[in-house]
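[1] All I have is the shape, not the residue letters:
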């Protein structure tokens, strides 16, 4: 299973060792853009290492992750929390909350437990509509037996939109996922890539997948 750990301070060595033995592990600083990383590598689970994060900031981070990746499994690993604080984080979208005093065996068991859900299988699934198919793991689009050739940004944008059909992704959300937040693209970059996807898929095969919601964003409607 692919696991991403995000936080400010380094993850304790005992946790890092245990996770690395069992999973494909990546550790990323919360100070750097990481939404694009999740979308690119199709992480199924994210651990928020919140030792130095406030409850308010952790909840804000949870909301951001839930908004962009509704099927993502999120586990909070932090300093000991009160029952009320755990309830707040669970209500904000966390699948589980653990104290940093937990043993590595329990961490791995909890991680395994939250990952065995219906939603956790989405990243390995195939989106299918009429004769159009998209494999999330490979980021490969096909129509019947014809491969739709996409560059990296097109594939990432398409993967994001298809991950949640009949949902409006805001312009800013798509910018954050497809481009690094530290390097804002030109104002019409998103429009250019959407136009390219429409040409390669909708116009080429007579489909009507892509919808522009004026003043809001883009979505896939099926």
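    That came through fine. No experiment lies behind these values; they were computed from the predicted model shown. Numbers count the residues shown, from 1 in each chain.

[2] What helices and strands are in contact with the lengthiest helix in the chain?
    When the chain is parsed with DSSP state H, its longest helix is helix 55-68. In this structure, helix 55-68 makes packing contacts with helix 35-41, strand 45-49, strand 73-78, helix 83-91, helix 171-178, judged by 3 or more CB pairs under 8 Å, 6 or more residues apart in numbering; DSSP states H and E. Every C-beta, even on glycine, is put in place using the N, C-alpha and C of the backbone.

[3] if you set the cut-off to 10 Å instead, what comes out?
    helix 35-41, strand 45-49, strand 73-78, helix 83-91, strand 169-170, helix 171-178 (3 or more CB pairs under 10 Å, 6 or more residues apart in numbering; DSSP states H and E).

[4] Pull out the buried residues from the worst-scoring helix or strand of the chain on mean pLDDT.
    Lowest mean confidence among the helices and strands of the chain (mean pLDDT, DSSP states H and E): helix 35-41, at a mean of 82. Neighbour counts using 16 or more other CB atoms under 10 Å place 35, 36, 37, 38, 39 of helix 35-41 among the buried residues.

[5] These into JSON lines, with extra columns for distance to residue 154?
    Listed next are these as JSON lines, based on distance: CB to CB, whole Å:
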{"residue": "35", "distance to residue 154": "17"}
{"residue": "36", "distance to residue 154": "14"}
{"residue": "37", "distance to residue 154": "18"}
{"residue": "38", "distance to residue 154": "18"}
{"residue": "39", "distance to residue 154": "13"}
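
[6] Now tell me what touches stretch 138-147 from outside.
    39-40, 42, 124, 126-127, 130-135, 148-150, 152, 154-156, 158-159, 162, 197, 200-201, 204-207 (CB atoms under 10 Å, 6 or more residues apart in numbering).

[7] swap the cut-off to 7 Å and go again
    Under the contact criterion CB atoms under 7 Å, 6 or more residues apart in numbering, stretch 138-147 has outside partners 131, 132, 133, 134, 148, 150, 155, 158, 159, 201, 205.

[8] Spatially nearest residue to the first one (excluding sequence neighbours)?
    Excluding the flanking residues, the one nearest residue 131 by CB to CB, 6 or more residues apart in numbering is residue 144, at 4.9 Å.
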